[in-house]
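1. here is my input; please provide its structure:
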Amino acid sequence: MLNYFNTNKVRKLIKDVSLIIPCQNAATNLFQLFKIIPNWEIIPNEIIVIDSSLEKILIPKDFELFVKEQNIDFLLIYKKNLFPGHARNIGISKAKNSVLAFLDTSTNPSDDWLSTGLNAMKNQNTDGVWGNTCYQADKFLPKIFRACTFGSNPIKTFPGTIMKKNIFNKCGLFIETARAGEDGDWMSRAELHKINMSIPERFLNYDELNNIGFKKIIKKWFRNYIFGAKLPFFRAHKDYYFYAVSFVAVIIAFNWNWILASWDEESVFYVPNITKISILIIFIIYIYMRGIFLPRKKGENLSFIFPINFIFIAIFSAFLDFTKTLAFGYSKFFKN
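-> Have a look, this model is predicted:
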């Protein structure tokens, strides 16, 4: 039993909001989310769970009692093997309210998440608020992975978003055939359509980093970028610029003495061991950028980066960048 509080004692403040939650083989996380919903300052009057697990989830009796006593419309839709975008689209089509809220099973909002978001929409006169997510990491490998990718600062995400339903009339629905990246694709479309969105003060916690190992990270990274590269609105990361500059630098380094000095060792432009020196410089720059500069920019503490973790961060980043390159190459030559 999840031990929800006695709803007979407290009548919650209910708002006309439809909460949409896609779930795939994550019953434990979903039930933990159910456990905190009764503590929210504001409760949505409709909760829609789209379950695409191998086996249908059995909703805890305590939560069924809670939604019944609070007169909340609860809808569980079961359909196997849906990608997240497809699941969200089903929830959007079933939602009865003009305001929608989105959560994933791995995101844990604060008790005032919904109330703060709704107040921000009202006070700032916006069409919605984005999710604002902090990626939590308690173990060494997850901390290294976080430093390589998301960072410690909260970042804008679709999970946690609260928005007007009619926005989808302008931007369209989610791509249903994408296993990953469909949320980033939709957010890019919202920016192209100049949808008036803000980022709230409150943030959500994402806790799943602590449950993944190295092999799972690499496999997920490869899979996500294969699907992401195929999305029409997918925008490559800014580090493409760094890769391009590095590639040009390597080409120049390998041909410096030929182009500028014609291999004449007496020439003022001749540089002994230019190739080795250039590779070393690029190596040092990569370690600095991926191991120190970018993690600091994303909020990682110097006490974690130094004295030695920056090396592990740079090495792990190299694995991720190589995996990303393979994924983009695979999606380029194998388009099915």
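
2. so how far is residue 319 from residue 282?
-> Counting by C-beta to C-beta, to the nearest Å, the gap between residue 282 and residue 319 amounts to 17 Å. Every residue, glycine included, has its C-beta placed from N, CA and C.

3. got it, and residue 219?
-> Counting by C-beta to C-beta, the gap from residue 219 to residue 319 is 12 Å.

4. all helices in this protein, in order from the N-terminus.
-> Assigned by DSSP state H, the chain shows helices spanning 27-36, 61-69, 84-94, 113-124, 140-148, 167-171, 182-192, 214-229, 239-260, 274-288, 294-297, 302-305, 309-333.

5. and stretch 218-225, average pLDDT?
-> Averaged over stretch 218-225, pLDDT sits at 84.

6. got the domain boundaries for this structure?
-> 13-212, 239-333 (automatic domain parsing).

7. pLDDT of the longest one, averaged?
-> Just to be clear, that refers to domain 13-212. pLDDT averaged over domain 13-212 gives 92.

8. what distance separates that domain from the centre of its chain?
-> Averaging C-alpha positions (C-alpha atoms, centre = their mean, to the nearest Å) puts domain 13-212 12 Å from its chain's average.

9. quick revisit: okay, the helices of the chain in a markdown table with distance to residue 16 and mean neighbour count next?
-> A markdown table is the format used below for those (distance: least, C-beta to C-beta, whole Å; neighbours: other C-beta atoms under 10 Å):
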| stretch | distance to residue 16 | mean neighbour count |
| --- | --- | --- |
| helix 27-36 | 21 | 17 |
| helix 61-69 | 15 | 16 |
| helix 84-94 | 15 | 20 |
| helix 113-124 | 10 | 18 |
| helix 140-148 | 37 | 21 |
| helix 167-171 | 16 | 15 |
| helix 182-192 | 22 | 19 |
| helix 214-229 | 35 | 17 |
| helix 239-260 | 43 | 13 |
| helix 274-288 | 51 | 14 |
| helix 294-297 | 40 | 18 |
| helix 302-305 | 44 | 13 |
| helix 309-333 | 42 | 17 |
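
10. wait, which of those helices is closest to residue 54?
-> Each of the helices of the chain has some distance to residue 54 by C-beta to C-beta; the shortest is helix 27-36, at 10.7 Å.

11. which other helices and strands does that closest one contact?
-> For helix 27-36, the elements it packs on are strand 13-23, strand 107-108, judged by 3 or more C-beta pairs under 8 Å, 6 or more residues apart in numbering; DSSP states H and E.

12. rerun that using 10 Å as the cut-off
-> strand 13-23, strand 42-51, helix 61-69, strand 107-108 (3 or more C-beta pairs under 10 Å, 6 or more residues apart in numbering; DSSP states H and E).

13. closest one to residue 193 among the ones you listed?
-> Nearest to residue 193 among the helices and strands packed on helix 27-36 is strand 13-23; the distance by C-beta to C-beta comes to 20.5 Å.

14. what are the buried residues along that closest one?
-> 17, 18, 19, 20, 21, 22, 23 (16 or more other C-beta atoms under 10 Å).

15. on that earlier part again, looking at the helices of the chain, which is nearest to residue 52?
-> Residue 52 lies closest to helix 84-94 among those, at 5.7 Å (C-beta to C-beta).

16. residue 40 contacts residue 118, correct?
-> No. The pair residue 40 and residue 118 does not pass the contact test of C-beta atoms under 10 Å, sitting 11.2 Å apart.
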